[in-house]
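Peer 1: From the sequence below, what's the structure:
(one chain, ligands or ions: 3)
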Amino acid sequence: MKALLDELKAIVGTRGWTDDETDLEPYLNEWRGVYKGRTPLRVAPASTEEVAAIVRACHAAGVAVVPQGGNTGMCGGAVPDGSGTQILLSMHRMRRIRSVDAQNFSMTVEAGCILADIQEAARAAGRYFPLSLGAEGTCQIGGNLATDAGGLNVLRYGTARSLTMGLEVVLANGTVLNSLRALRKDTAGYDLKQLFIGSEGTLGIITAACLRLFPDPGKLQTAMVAVATAGESVGLLARLKEQLADRVETFELVSDYVFGLVEKHIPDARLPFDRRWPWYVLIEAAGSIDELGAALAKAMEDGPVLDAVIAKNTSESAALWRLRHSIAEAERKDGKALKHDISVPVSAMPAFLEQGDELLETLCPDARLVAFGHVGDGNLHYNVVLPRDRDASAREEEGKRITGAIYDLVTQFGGSISAEHGIGQLKREWLSRYGSDPELEVMRKLKKTLDPAGILNPGKVI
Ligand code: FAD
Ligand code: 2HG
Ligand code: ZN
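Peer 2: Ligands and ions are numbered 1, 2, ... in the order given. All right, here's what the predicted structure looks like:
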C-alpha cells in the first residue's frame, strides 16, 4: 500500500492530496451523517490524464477507488467503506469550462465544475442550462451525471441524462473513453455514455461532459397554490399544462407538515398565506404574470385551488423558492427520516397517496409522513419519521418493515424505489430485492465487463 500511496501522491503533486485526519473528516461523512468511511488518502487530480494515471495505478495494485463530487448525495454513494483501504478520488480541481458553443447550444465542462457555475457560464453566453436542485451551490456536474440527478425543472427539460450530448470517462483500467461529441444525433453504434450516466461511479470515472443548452426561457413567474388533497394537485397540473403547454417548468408538491418543519428550523421562512392549508404546490412557468394568473383563475373556477399567491417581483419569488430549497436542510435538522425517493406514473399518484396513508396508519399510526417533491414528474420524497421513543434496534426493525411495505406498494403501482437519488449503499439490498432477475443479471454482467477487478466504488449499487 505504501508504494501505491507514494505513486498517487507523485501523480497529483503536493497540492493534490491529503492524508491528514482532520482535513479528511468532512469528506468521509455523508451529508445526512448516516454513513461514515475511512481512507488512507484523498487525491484530487487536476486533469483527465491524472485521473487515468491514478486509476491505472489503483488497478495494478487491486485497490478500490471511490469517486467523490460535492458529497451532497443522499445514499452514501460517495463515501468509502470502513476498511480504511479505499482511495478517495475528489474531482474538485477539475473545474474548467472547456468551451461554450452558443450557436450549437452546447458547452463542454470538466466533471468537477459546480452546477451553479455551469448555470452562470451558460447565462453569460446568453443561454440557459436548466438542471437545478437545492444543492446546486455545492454539487458537481460529475456527481449530477453519475446519479442522473433530477431536481426542479425535469418537467420541461428532463433529468441530467437528457441534458447530456457527450461524455469523457476514465475506465477501470485507466483507458480514457472519449465520447465527448457535441452532437444531437449520433447512431454510430451503442450509445455508450448512457451506461455511465446514473452508474454512481461503479462503471467509470466521468471526467468531462458536453451539455445541452437552451434559449433563455425569458420571464419566469412563480406561484404558491393551496390545495385540499395531494391527489388534487395532479388534476391541477393537467389543467395548467392544457393552458400553458410545456411552459410549466416546475410543479412541486409540499405538505403543510413539511413547510411547518421549514418554518421551525429555517430563520425567517414564512408561508405567504394567512391560514394553514393541507397541501401547497410551488409552480414556476415561463410567460407573463397575467398568463399564469389567468391559467390559475381558470383552474380555480374548475375546482380544487383553495388559495393562490403569485410573486410580484424577484424578491417575492426568491422567498417562495427559499421555502422549497430549505426542505432537505429543515428535515435534516429535525432528525433522521427514513428516505423513500419513489416514483409512480403521474396518473397513479392520487391512488398511491391514498393507499400510502392507509398503509402507514396500519403499520405505525405514530409515524409522521414527510411528503414533498416533484409531483409533476411522478416523483415524491415519501419520507417517514418514526416516533423517537423507541430504542435504536426497535427503530431499525420497524424502519425496515415500513420501507419494505412502502416499496411493495410502489411496485404494485409500477413505480421505482429510486427516482432521482440513486442506490448508493442505502438501497443496494432493496435493489436486489425489487429489481427483476434479468435486469440485475445484465447489470452484474456490465459491472464484470467494465470493471472485472471490482475496483470502482465497490459495495455501491449492486
Ligand atoms: P456526490 O454526492 O459526491 O456523489 C454521488 C455519486 O456519484 C457517488 O456514488 C459518487 O461516487 C459518484 N460520483 C461523483 N462524481 C463522480 C464522477 N466524476 N464520476 C463518477 N462518479 C462520480 N438530487 C436530485 O436528484 N434532485 C434534487 O432535487 C436534489 N436536491 C437536493 C437538495 C439538497 C439540499 C441536497 C443536500 C441534495 C439534493 N439532491 C438532489 C441530492 C444530490 O445533490 C444529487 O444526487 C447530486 O447529483 C450529487 O452530486 P454530488 O456532486 O454532490 O455527488
Ligand atoms: C429535494 O427534492 C431533494 O429537495 C431532497 O431531492 C429530498 O431530502 C430529501 O428527501
Ligand atoms: Zn428531489
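Peer 1: For the residue of the stretch 51-200 of the chain found nearest ligand 2, which non-adjacent residue is spatially closest?
Peer 2: Nearest residue of the stretch 51-200 of the chain to ligand 2: Gly134, at 4.9 Å (Cβ to the nearest ligand atom). C-betas here are computed from N, CA, C, even on glycine. Counting by Cβ to Cβ, 6 or more residues apart in numbering, His325 is the residue found nearest to Gly134 once chain neighbours are left out, at 4.5 Å.
Peer 1: Kindly tell me how buried that neighbour is, as a neighbour count.
Peer 2: Applying other Cβ atoms under 10 Å, we find 19 residues neighbouring His325.
Peer 1: swap in Ser233?
Peer 2: Residues near Ser233, counting by other Cβ under 10 Å, number 27.
Peer 1: Likewise for the one 5 residues further on?
Peer 2: Residues contacting Ala238 under the criterion other Cβ under 10 Å number 12.
Peer 1: Sticking with it, tell me its helix or strand.
Peer 2: Taking DSSP states H and E as the definition, Ala238 sits inside helix 230-244.
Peer 1: other SSEs contacting that helix?
Peer 2: On a contact count with 3 or more Cβ pairs under 8 Å, 6 or more residues apart in numbering; DSSP states H and E, helix 230-244 meets strand 220-227, strand 248-255, strand 279-286, helix 289-302, helix 349-363.
Peer 1: Return the member of those having the minimum mean pLDDT.
Peer 2: When the helices and strands packed on helix 230-244 are compared on mean pLDDT, helix 289-302 scores lowest, with a mean of 88.
Peer 1: got the angle between that one and strand 248-255?
Peer 2: 50 degrees (axes from the mean of the first three to the mean of the last three Cα atoms, to 10 degrees).
Peer 1: Against which helices or strands is helix 289-302 packed?
Peer 2: strand 220-227, helix 230-244, strand 279-286, strand 305-310.
Peer 1: What pairs with the third one, parallel or antiparallel?
Peer 2: Spelled out, it's strand 279-286. strand 220-227 (antiparallel), strand 248-255 (antiparallel) (DSSP bridges).
Peer 1: And these: which comes nearest His92?
Peer 2: Between His92 and these, the shortest separation by Cβ to Cβ is 28.7 Å, and it involves strand 248-255.
Peer 1: Helix or strand next in line after that closest one, which one?
Peer 2: The helix or strand immediately downstream of strand 248-255 is helix 256-265, counting by DSSP H and E.
Peer 1: ok so, going back, now the helices and strands packed on helix 230-244 as a markdown table including distance to ligand 2?
Peer 2: Listed next are those as a markdown table, based on distance: least, Cβ to the nearest ligand atom, whole Å:
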| stretch | distance to ligand 2 |
| --- | --- |
| strand 220-227 | 16 |
| strand 248-255 | 8 |
| strand 279-286 | 11 |
| helix 289-302 | 22 |
| helix 349-363 | 15 |
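Peer 1: Using JSON lines, lay out these together with mean neighbour count.
Peer 2: JSON lines is the format used below for the helices and strands packed on helix 230-244 (neighbours: other Cβ atoms under 10 Å):
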{"stretch": "strand 220-227", "mean neighbour count": "23"}
{"stretch": "strand 248-255", "mean neighbour count": "23"}
{"stretch": "strand 279-286", "mean neighbour count": "25"}
{"stretch": "helix 289-302", "mean neighbour count": "16"}
{"stretch": "helix 349-363", "mean neighbour count": "16"}
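Peer 1: Out of the ones you listed, which is closest to ligand 1?
Peer 2: strand 248-255 (9.3 Å).
Peer 1: which other residues reach the closest one?
Peer 2: Residues from elsewhere that reach strand 248-255 (Cβ atoms under 8 Å, 6 or more residues apart in numbering): 130, 152-153, 155-157, 217, 220, 230, 233, 237, 240-241, 278-286, 323-324, 327, 369-376, 380.
Peer 1: now, which of those lie close to ligand 1?
Peer 2: By Cβ under 6 Å from any ligand atom, no member of those lies near ligand 1.
Peer 1: Can I have the buried ones of the residues you listed as a ChimeraX selection?
Peer 2: This is how ChimeraX selects the buried members of the contacts of strand 248-255, with burial counted by 16 or more other Cβ atoms under 10 Å:
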select :130,152,153,155,156,157,217,220,230,233,237,240,241,279,280,281,282,283,284,285,286,323,324,327,369,370,371,372,373,374,375,376,380
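Peer 1: what angle do the helix holding Ala238 and helix 349-363 make?
Peer 2: Orientation check (the same axes, to 10 degrees): helix 230-244 against helix 349-363 gives 170 degrees.
Peer 1: So for helix 230-244, mean pLDDT?
Peer 2: Averaging pLDDT along helix 230-244 gives 91.
Peer 1: Next, the angle strand 305-310 makes with it.
Peer 2: Angle, helix 230-244 to strand 305-310, by the same axes, to 10 degrees: 50 degrees.
Peer 1: And for helix 230-244, what's in contact with it?
Peer 2: The contact list for helix 230-244, computed with Cβ under 8 Å, 6+ apart, reads 225, 227, 248, 251, 253, 255, 279, 281, 283, 285, 287, 291-292, 294-296, 298-299, 302-305, 346-347, 349-351, 353-354, 371, 375-376.
Peer 1: quick one on the thing from earlier: how about the strands paired with strand 279-286, which one is nearest Ile141?
Peer 2: Ranking the strands paired with strand 279-286 by distance to Ile141, with Cβ to Cβ as the measure, places strand 248-255 first at 20.0 Å.
Peer 1: Is any residue of the closest one near ligand 1?
Peer 2: No. Applying Cβ under 6 Å from any ligand atom, one finds strand 248-255 separated from ligand 1 by no less than 9.3 Å.
Peer 1: And for stretch 65-82?
Peer 2: Yes. Taking Cβ under 6 Å from any ligand atom as the criterion, stretch 65-82 and ligand 1 are in contact, through 66-74, 77-78.
Peer 1: and the chain, which of its residues are near ligand 2?
Peer 2: 134, 327-328, 331, 339, 373, 381, 383.
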